[in-house]
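1. sequence and predicted structure below; questions after.
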Amino acid sequence: MTDKTFSLDELCALTDLSKRTVRYYMQLGLVDRPIGETRAAHYVSRHLDQLLRVKHLTDAGVSLERIGEVMAGGDTPVPIRLRRPGSIEVRSHLYVAPGLEIQISPDEAGMTPEQVRAFVREVMQAAERVMRKDKVGD
């Protein structure tokens, strides 16, 4: 089975990084160089995985020097990013019942989309059980 190949443009679109940033990460040795040269150069899933990992760590505030250590096999840091005035966060808002809502920040909680869906299912089932008990007890 052959690995899917990507052009630099495709790689940039998939990672939401500029060509300049991708080339800079390669220059620093954070990401492997392309396979082939000039117009024949292409990238494979390994490159995509490396770029996504670097992006995740830079978004978490890890220095490029430390990312180089991590990419070379060092322990992955778990930085705690303090909120700053003016920072933007994406959160999911789960409406459970009147007066009962939950905010979820998957990145901050370190949850995958599958874990968030499982959490929501469990919360909804628990809320239903609790609400049912209250109605039966009336």
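-> Good, I have the coordinates. Residues are numbered from 1 along each chain as shown.
2. which residue ranges of the protein form strands?
-> 92-97, 100-104 (DSSP state E).
3. mind putting those into CSV with mean neighbour count and distance to Arg84?
-> For every residue, glycine as well, the C-beta is placed using N, CA and C. Formatted as CSV, those follow (neighbours: other C-beta atoms under 10 Å; distance: least, C-beta to C-beta, whole Å):
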stretch, mean neighbour count, distance to Arg84
strand 92-97, 12, 22
strand 100-104, 12, 19
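4. would you map out the domains in this structure?
-> With domains defined by automatic domain parsing, the chain comprises 8-71, 92-137.
5. and the longest one, end to end?
-> It refers to domain 8-71. End-to-end span of domain 8-71 (C-alpha to C-alpha, to the nearest Å): 21 Å.
6. roughly how far out does that domain sit from the chain middle?
-> Relative to its chain's centre, domain 8-71 lies at 15 Å (C-alpha atoms, centre = their mean, to the nearest Å).
7. just use 881 as the starting number from now, easier for me
-> Shifting the count to begin at 881 puts that one at domain 888-951.
8. was I right to think Tyr905 contacts Leu931?
-> Yes - counting by C-beta atoms under 8 Å, Tyr905 touches Leu931, with 6.8 Å between them.
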